[in-house]
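Q: Have a look; sequence and predicted model below, questions after that.
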Amino acid sequence: MLRGSLLPVIIWLGVLVFVCAIYGPVVAVVIGGLFVALFLAGFVFRRRSGHSVKCSFYGAVGGVLDKSMLGF
C-alpha cells in the first residue's frame with residue numbers, strides 16, 4: 001500500500017532529475033520546493049479537517065499529483 005502512495009513522489013523525483021540535467025540545479029530546487037510546499041499545505045488542511053495522519057499523508061500526496069498533472 002505504501003508503494004502506491006509513493007508513486008507521485010517517484011514521478012516528481014524523476015522530473016527533478018530531468019530538469020536538473022537540462023536546466024541546472026537551481027530550477028530543480030525551486031520545483032522541489034513547490035512540491036514540498038503543496039504537500040505540506042494539503043497535509044495541514046486535511047489534519048485540520050479531522051483526518052488521521054495516514055489519511056492526511058495519502059490525500060496530500062494524491063492531491064499534489066492530481067493538481068500537478070492537471071494540464072496533461
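A: Received it, and whenever you're ready, just let me know what you need. Residues are numbered from 1 along each chain as shown.
Q: Just the mean pLDDT for the host helix or strand of V36, thanks.
A: With elements delineated by DSSP states H and E, V36 resides in helix 25-48, which encompasses its position. Throughout helix 25-48, pLDDT has a mean value of 88.
Q: likewise stretch 14-21?
A: What stretch 14-21 shows for mean pLDDT is 88.
Q: Outside of it itself, list whatever touches it.
A: Outside stretch 14-21, the residues that touch it by CB atoms under 8 Å, 6 or more residues apart in numbering are V27, A28, I31, G32. (Glycine included, C-beta is placed from N, CA and C.)
Q: In the helix holding V36, which of the residues would be classed as buried?
A: Of all the residues in helix 25-48, those buried under the rule 16 or more other CB atoms under 10 Å are A28, I31, G32, F35, L38, F39, G42, F43, R46, R47.
Q: Also stretch 49-69?
A: Of the residues in stretch 49-69, those scored as buried under the neighbour-count criterion (16+ other CB under 10 Å) are H51, S56, F57, Y58, G59, A60, V61, G63, V64, L65, S68.
Q: Filter these down to just the ones in helices.
A: With DSSP state H as the criterion, helices contain S56, F57, Y58, G59, A60, V61, G63, V64, L65, S68 from among the buried residues of stretch 49-69.
Q: Pick out the most distant pair among the contacts of stretch 14-21.
A: Considering CB to CB, no two members of the contacts of stretch 14-21 lie farther apart than V27 and G32, which are separated by 9.6 Å.
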